[in-house]
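[1] just need the structure, nothing else, for what follows:
(chains A and B, ligands or ions: 2)
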Amino acid sequence: MIKLDSVNKYFGSHHVLKDVSLTVAPGEVVVIIGPSGSGKSTLLRCINYLEEIQKGRIAIEGRPIGLIEKNGKPTDMPQKDINAMRAQVGMVFQNFNLFPHKTVEENIIMALITIKKLKKQEALEEAHHLLKKVGLLDKAKAFPDNLSGGQKQRVAIARALAMKPKVMLFDEPTSALDPELVGEVLSVMKELAGEGMTMVVVTHEMGFAREVAHRVVVMDDGKLIEEGSPAKIFFDPDNPRTRSFLKKVLEH
Amino acid sequence: MQLNFLVLFEGNNMSFLVRGLWVTISMTFLALILSSAIGLIIGLGRMSKNKVVSGVCSAYLAWFRGTPLLVQLMILYYGLAIGMQIDLSASMAGVLGLGMYSGSYVSEIVRGAIQSIDRGQMEAGRSLGMSHWQTMFKVILPQAVRRMLPPLGNEFIALTKNSSLLSVITVSELMREANLIVSSNFRYFEIYIGVAVMYFIVNSSISQGINFLERKLNVEGR
Ligand SMILES: Nc1ncnc2c1ncn2[C@@H]1O[C@H](COP(=O)(O)OP(=O)(O)OP(=O)(O)O)[C@@H](O)[C@H]1O
Ligand SMILES: [Mg+2]
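    Ligands and ions are numbered 1, 2, ... in the order given. Next comes the predicted model:
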């Protein structure tokens, strides 16, 4: 479903992703963990090409995104094609990034109307269906500022799902939430995973990782240092850096 | 000479002034439309990744902000006519001059407001598959417009005041009408006080209008 092949990313001279290779199978839930600044967000953002990469290959369902070979030279793909590929990858951000000037349902239908050219009525039906799924049908006409953090994140998930993505990327979706609101977001994510959605999740919620992840990937300093089943990574990691990272996280 | 404000109403004085005021308002209004369009284009252009586009827009800003409006008006009206045989009517030169000058300031207002919108908004739009421009027009600009209103209000007040310079290129706006009246009756104080009050009333109305818009936009969502 997703295939990263020796991806390298620089911010100026700062080498942020170093030869990262990762394959995610259809229906698989991969959790990425690692210390702050290790490049987890950057990795996710490269997958839907919100960030350009300088070397390597990224493909979604076998179709390359972003950097492609043209006459043997790496070239950036036309924006139009990148946009179309992005529509198939849903992304959920730590800070929700809902559109504050639009109501909840307008947030969800915007891309449906703009890109999928749905009629407003059809789009609204889809939006209401998704809002029901995340348990927020009664908030359809509310503005984001009048929602709690957990509600905002559930709307953001519904908004991403509206495009019927093949993959969902989550970048610390619960880190900005009050502890009592984390559960409602995680349970929506669990439900999604249960339905067979392919998901890549950056999170510090080790409980979620243990329960839902098929595979856990550990990043450190721009590299994937270890991957394996949750049981393996959490209880019997090989890499000493994984061990010291987990020790720090679990102490909290 | 005794002060006598009734001279404002002597003969046709008041009807000349009101006619001038009307010209001032319509010139300012047309210039405002031009200025907004130019401001939007130059403001967006300055943020373009294309070096040529952003360079041209920056040069525009530097030139029109860095030279006096009066000089620009003289170039447009007298300079073009004599130097290049491009004979603009006085009001055409006036609207163009005011609009281009004010557009440079508006471009900075546009750019500032757009850049004040959280980067995450653009990313959210892009991650849904919308293009840069779709996101700009549906997500960023509607939010930025709210932040532009107060500085735009100031800019449009400045535009109204600056329109008095059009008297120099023979546009018969308020200031020129006043000059003509004064040149025959020498009632500098009364006439110019009257004119000042007229400008003041127009600008107060603009302030009120902007306040009203701001409140209205704040009620509708956020
Ligand atoms: N836009 C940017 N410009 C320059 N450097 C950046 C940019 N974004 C991230 N970086 C740098 O890249 C490195 C990786 O950042 P990234 O945000 O991917 O880390 P992370 O693993 O997500 O960390 P965290 O857990 O704190 O979210 C960091 O050193 C960061 O300072
Ligand atoms: Mg991060």
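[2] enumerate every residue touching the residue in the stretch 101-250 of chain A that chain B sits nearest to.
    Nearest residue of the stretch 101-250 of chain A to chain B: residue A:111, at 3.9 Å (Cβ to the nearest Cβ). C-beta: built from backbone N, CA, C; applies to glycine. By Cβ atoms under 8 Å, 6 or more residues apart in numbering or on different chains, the contact set of residue A:111 is A:87, A:159, A:162-163, B:125, B:128-130.
[3] kindly recompute the last result at 10 Å.
    A:87, A:118, A:123, A:159-160, A:162-163, B:124-125, B:127-130, B:134-135, B:138 (Cβ atoms under 10 Å, 6 or more residues apart in numbering or on different chains).
[4] ok, residue A:124 next?
    A:105-106, A:108-109, A:112-113, A:118, A:140.
[5] how about the residues of chain A that lie near ligand 1?
    Residues of chain A that fall close to ligand 1, judged by Cβ under 6 Å from any ligand atom: A:11, A:14, A:16, A:34, A:36-42.
[6] out of the residues you listed, who's nearest chain B?
    Among those, residue A:41 lies closest to chain B (Cβ to the nearest Cβ), at 11.0 Å.
[7] what helix or strand is the residue nearest to the spatial centre of chain B on?
    Against the mean C-alpha coordinate of chain B, by Cα atoms, centre = their mean, the closest residue is residue B:159 at 3.8 Å. Assigned by DSSP states H and E, residue B:159 falls within helix B:141-162.
[8] what packs against that helix?
    Identification of packing neighbours for helix B:141-162 by 3 or more Cβ pairs under 10 Å, 6 or more residues apart in numbering or on different chains; DSSP states H and E yields helix B:13-46, helix B:69-74, helix B:90-115, helix B:188-219.
[9] list the buried residues of the shortest one.
    In this case it means helix B:69-74. Residues of helix B:69-74 classed as buried by neighbour count (16 or more other Cβ atoms under 10 Å in any protein chain shown): B:69, B:72-74.
[10] so what's residue A:7 bridging to?
    Counting by DSSP bridges, residue A:7 is bridged to residue A:20.
[11] make that residue A:201, sorry
    Beta-bridge pairing for residue A:201 (DSSP bridges): residue A:31, residue A:170.
[12] mind listing what it touches?
    Going by Cβ under 10 Å, 6+ apart, residue A:201 touches A:29-33, A:44, A:92, A:168-174, A:186, A:189, A:193, A:208-209, A:212-213, A:216.
[13] in the chain, where is pLDDT below threshold?
    I'll assume chain A. Residue ranges of chain A with pLDDT under 70: A:252.
[14] ah, I was thinking of chain B
    When residues are selected by pLDDT under 70, those of chain B lie in B:1, B:219-222.
[15] report the secondary structure state of the residue of chain B found nearest chain A.
    In chain B, the residue that lies nearest chain A is residue B:129 (2.7 Å; Cβ to the nearest Cβ). Secondary structure assignment for residue B:129 (DSSP: H, G, I helix; E, B strand; the rest coil): coil.
[16] contacting residues for it?
    Neighbouring residues of residue B:129 by Cβ under 10 Å, 6+ apart: A:48, A:82-90, A:111, A:114-116, A:163, A:165.
[17] so which of those residues sit within helices?
    Under the assignment DSSP state H, the contacts of residue B:129 contribute A:82-86, A:111, A:114 to helices.
[18] can you say which of those are buried?
    Buried among the ones in helices among the contacts of residue B:129 by 16+ other Cβ under 10 Å: A:82-83, A:85-86, A:111, A:114.
[19] closest residue of chain B to ligand 1?
    Of all residues in chain B, residue B:119 sits closest to ligand 1, at 9.1 Å by Cβ to the nearest ligand atom.
[20] I'd say that residue and residue A:97 touch.
    Yes: taking contacts as Cβ atoms under 10 Å, residue B:119 lies within contact range of residue A:97: 9.2 Å.
[21] of those two, which one has the most company?
    residue A:97 (24 against 9; other Cβ atoms under 10 Å in any protein chain shown).
[22] ok so, going back, okay, the ones in helices among the contacts of residue B:129 in JSON lines with distance to residue B:99 next?
    Output for the ones in helices among the contacts of residue B:129, formatted as JSON lines (distance: Cβ to Cβ, whole Å):
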{"residue": "A:82", "distance to residue B:99": "37"}
{"residue": "A:83", "distance to residue B:99": "35"}
{"residue": "A:84", "distance to residue B:99": "39"}
{"residue": "A:85", "distance to residue B:99": "42"}
{"residue": "A:86", "distance to residue B:99": "38"}
{"residue": "A:111", "distance to residue B:99": "36"}
{"residue": "A:114", "distance to residue B:99": "32"}
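[23] that older thread, excluding chain neighbours, what is closest to the residue nearest to the centre of chain B?
    Using Cβ to Cβ, 6 or more residues apart in numbering or on different chains and skipping residues adjacent in sequence, the residue nearest residue B:159 is residue B:102, 4.9 Å away.
[24] who's in contact with that neighbour?
    Residue B:102 neighbours (Cβ under 10 Å, 6+ apart): B:28, B:31-32, B:34-36, B:38-39, B:64, B:69, B:155-156, B:158-159, B:162-163.
[25] distance of residue B:204 from residue A:205?
    57 Å (Cβ to Cβ, to the nearest Å).
[26] of these two, which one has the most company?
    Legend: neighbour count by other Cβ under 10 Å for residue B:204 and residue A:205, higher for residue A:205 (21 against 11).
[27] contact partners for the more buried one?
    A:31, A:33, A:172-175, A:182-183, A:185-186, A:189, A:211-212.
[28] among the residues you listed, which lie within strands?
    Among those, the ones falling in strands (DSSP state E) are A:31, A:33.
[29] how about chain A: which residue is closest to chain B?
    For chain A, Cβ to the nearest Cβ, closest residue to chain B: residue A:87, 2.7 Å.
[30] tell me how far that residue lies from ligand 1.
    23 Å (Cβ to the nearest ligand atom, to the nearest Å).
[31] so that residue makes contact with residue B:128?
    Yes: with contact defined as Cβ under 10 Å, residue A:87 reaches residue B:128; the gap is 6.7 Å.
[32] show me which of the two is the more surrounded one.
    More crowded of residue A:87 and residue B:128, by other Cβ under 10 Å: residue B:128, with 28 against 20.
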